[in-house]
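1. give me coordinates for this.
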Amino acid sequence: MTKIEGRIKNRTECIKKFERKYQSKLEASEQPYTIKEHLTDLIGIRIVCLYEDQISLVANVMREYFHVIEETDKISAIESTEDLFGYKGLHMDLEPNIEKSFFNPFRALIQNPVELQIRSLIQDAWSVLDHKIKYKKSIPSDLKRRINVLSALFELADREFKEIRDATVKLLEQETNAPICDEPGENTPCAGNSPPEKGGKTINAFNFLRIAGHFFKDFSFEDYKVDNFVQDILKLDRGFEKSNLHESLVDHLKDIRAYREEFMAENTDATFSPYTTIRHCLYLHDRQKFGRILSTGPRIRFNHWLDKQNRHAEITS
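-> Just a heads-up that it's a prediction; the model follows:
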């Protein structure tokens, strides 16, 4: 979800709606009535999803916990009427499901009926703009055509964002489907899986996640941070491949973990994320190309630690 909004209809609005939709029929029937019984939107809620195909998922959850009084598919209504302007989305008038009220996560609403609007982000944007178009029923036909074109562009954007999402997920699945089996310090591939071959793919967000996700299984890599980090690498080495990343981690991760442990013991309030670990591995992998992957302070501190380790190795050898 991108946002959830709500409102409570005021007294004047309730009376006007009742007079417009119900009063004449009820008085003609000469039956007693109360206004509240005929208003299903005392509480109004709008849920905005990222993509259009998420609308049905939200609707299914609502059907599970509420009785549906009325359901209006604005998408079908717009698509079946050439000359009708308006926003797409799904409207549901809901009332409490008494049978499930005890377990209902929405039980705070069960005392009143609810009008729920479910839209995609693009549909919500169109609805805002659509309400700003004045005199829609009276404007000339050439302006109506332009509005129809604009509406089609919004619909196309909705579809394209969804398809880009699906294609991105597919690319990620293709990259991460075959696990990488080498751990730092191991020289023999296991289960028939070998390290990435050199001369292969240049590093990108998808194959970065395949490599990094193997070595840092308990860390959640956020997409925008991965994108930015990969671009930082490519700025320093345009030809850097996923095999190079794998090699740098296999060769140096053990040492960097030892450095991290010592660093954190001395700096208890500091952080040393997997991104920081990978930066140090890249620095050791090729100091000429990745000399600037570490900022000045961390680089000086790390070099000092490396010198200390080298002196200790010379003494003990």
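2. which non-adjacent residue is nearest residue 279?
-> Once its chain neighbours are removed from consideration, residue 279 has its nearest residue in residue 293; the separation is 4.9 Å (Cβ to Cβ, 6 or more residues apart in numbering). C-beta here means a position set from N, CA and C on the backbone, and glycine is covered the same way.
3. checking that neighbour next. Helix, strand or coil?
-> In terms of secondary structure, residue 293 is coil; the call rests on DSSP: H, G, I helix; E, B strand; the rest coil.
4. and residue 68, how many neighbours?
-> Close neighbours of residue 68, defined as other Cβ atoms under 10 Å, add up to 14.
5. ok, it - contacts?
-> Taking Cβ atoms under 8 Å, 6 or more residues apart in numbering, we find residue 68 in contact with 62, 92-94.
6. ditto for residue 259
-> 280, 302, 305.
7. which ones among the residues you listed are found in helices?
-> Restricting the contacts of residue 259 to those inside helices, with DSSP state H as the criterion, leaves 280, 302, 305.
8. between those residues, which is closest to residue 204?
-> Sorting the ones in helices among the contacts of residue 259 by how near they are to residue 204, with Cβ to Cβ, puts residue 280 at the top with 21.7 Å.
9. correct me, but that closest one touches residue 256?
-> Yes - under the criterion of Cβ atoms under 8 Å, residue 280 lies in contact with residue 256, with a separation of 4.6 Å.
10. so between those two, which is more surrounded?
-> The residue with more neighbours, out of residue 280 and residue 256, is residue 280; 26 against 23, by other Cβ under 10 Å.
11. need the contact list for the more buried one.
-> Shown here is residue 280, whose contacts under the criterion Cβ under 8 Å, 6+ apart are 252, 256, 259, 294, 302.
12. mind putting these into TSV with distance to residue 18?
-> As requested, the contacts of residue 280 are exported to TSV (distance: Cβ to Cβ, whole Å):
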residue	distance to residue 18
252	73
256	70
259	72
294	69
302	73
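13. biggest separation within these, which pair?
-> Farthest pair in the contacts of residue 280 (Cβ to Cβ) is 252 and 294. Separation: 13.1 Å.
14. could you measure from residue 135 over to residue 144?
-> Relative to residue 144, residue 135 is positioned 11 Å away (Cβ to Cβ, to the nearest Å).
15. how much space separates residue 50 from residue 63?
-> Counting by Cβ to Cβ, the gap from residue 50 to residue 63 is 21 Å.
16. what do you get for residue 5?
-> Using Cβ to Cβ, residue 5 is found at 21 Å from residue 63.
17. off-centre distance for the helix or strand that contains residue 212?
-> Under DSSP states H and E, the secondary-structure element containing residue 212 is helix 205-215. Taking the mean of its C-alpha atoms, helix 205-215 sits 19 Å from the chain's own mean (Cα atoms, centre = their mean, to the nearest Å).
18. list the helices and strands the helix or strand following that helix packs on?
-> Toward the C-terminal end, the helix or strand that comes next after helix 205-215 (DSSP H and E) is helix 223-236. Counting contacts by 3 or more Cβ pairs under 8 Å, 6 or more residues apart in numbering; DSSP states H and E, helix 223-236 packs against helix 205-215, helix 274-285.
19. pLDDT below threshold where in the protein?
-> 75-87, 100-111, 176-200 (pLDDT under 70).
20. quick check: buried residues in the longest helix along it?
-> For the chain, the helix with the greatest residue count under DSSP H is helix 141-176. Buried positions in helix 141-176, judged by neighbour count with 16 or more other Cβ atoms under 10 Å: 151, 154-155, 158, 161-162, 172, 175-176.
21. check stretch 55-75 too.
-> If you call a residue buried by 16+ other Cβ under 10 Å, then stretch 55-75 has these buried ones: 55, 58-59, 62, 65-66, 73-75.
22. domains of the chain?
-> Structural domains assigned to the chain are 3-134, 205-316, following automatic domain parsing.
23. export those domains as TSV, with columns for distance to residue 166.
-> Conversion of these to TSV gives the following (distance: least, Cβ to Cβ, whole Å):
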stretch	distance to residue 166
domain 3-134	9
domain 205-316	14
